[in-house]
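K.L.:
what follows is a predicted protein model with its sequence.
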Amino acid sequence: MSTELPGDARGLVVTASNRAAAGVYEDRSGQALAAGLRELGFAVEGPHVRPDDVDELEAVLRNGVDLGFDVVLTTGGTGLSPTDVTPEATRNVLEREAPGIAEAIRRYGEPQVPTSVLSRGLAGIAGRTLIVNLPGSTGGVRDALAVLGPLLPHIVSQLRGGDHARP
């Protein structure tokens, strides 16, 4: 398993929140996510704050894939409220799901926050980009980064061709 992140790894952070997009409050989870990715060694773009809208979120995710980001991480919009549509937008973009990643993130948070299992976040691949939906809280972001941190060097290596031949 690859344990070192390539020096040119790039990440895109997207926050899905109607209230943050409208300026009602500051986007703390996106800022925490961007800082966490930088600590892991990624060059980070964002956070880009967008309203909870399937079409708008789908467009920003597709753009991240088209621009060749290694990872696109979202925060927010994964809950049960009628406006939480990040998984729907993500599903429209994914070519292959990686359900174990999303399940591991939910499991990690469950002992401290039993409601973490209510997150409908997805994880998967589009092109050579990993997309993962994280909860819209700084605690959820922290938990997700604890899970993703050890996995991301190997994932990025694999998506770039790693020790497996490219199709």
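P.N.:
Done, it's in.
K.L.:
mind listing the strands in the chain by residue range?
P.N.:
Ranges of strands in the chain, per DSSP state E, are 10-16, 43-50, 71-75, 96-97, 123-126, 129-134.
K.L.:
which residues touch the residue nearest to residue 30 when sequence neighbours are not counted?
P.N.:
Closest residue in space to residue 30, ignoring its immediate chain neighbours: residue 47 at 2.9 Å, by C-beta to C-beta, 6 or more residues apart in numbering. In short, each C-beta sits where N, CA and C put it, glycine included. Taking C-beta atoms under 8 Å, 6 or more residues apart in numbering, we find residue 47 in contact with 13-15, 27, 30-31, 33-34, 75.
K.L.:
how does it look with 7 Å?
P.N.:
Residue 47 makes contacts with 13-15, 27, 30-31, 33-34, as judged by C-beta atoms under 7 Å, 6 or more residues apart in numbering.
K.L.:
so what pairs up with the most centrally placed residue in the chain in the strands?
P.N.:
Taking C-alpha atoms, centre = their mean, the centroid of the chain lies closest to residue 73, which sits 2.1 Å from it. With DSSP bridges applied, residue 73 shows beta-bridge pairing to residue 13, residue 132.
K.L.:
show me what contacts it?
P.N.:
Counting by C-beta under 7 Å, 6+ apart, residue 73 makes contact with 11, 13, 33, 37, 132, 134.
K.L.:
would you mind putting the residues you listed into CSV with neighbour count alongside?
P.N.:
Putting the contacts of residue 73 into CSV (neighbours: other C-beta atoms under 10 Å) gives the following:
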residue, neighbour count
11, 26
13, 31
33, 29
37, 26
132, 24
134, 31
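K.L.:
for residue 111, state which of those residues is nearest.
P.N.:
residue 134 (17.7 Å; C-beta to C-beta).
K.L.:
remind me, longest helix of this structure?
P.N.:
helix 138-159 (DSSP state H).
K.L.:
what residues sit buried inside that helix?
P.N.:
Across helix 138-159, burial judged by 16 or more other C-beta atoms under 10 Å covers 138, 140-145, 147-148, 151-158.
K.L.:
what are the contacting residues of stretch 97-115?
P.N.:
The contact list for stretch 97-115 (C-beta under 7 Å, 6+ apart) reads 116-117, 119, 121-125, 132, 134, 139-140, 143-144, 146-147.
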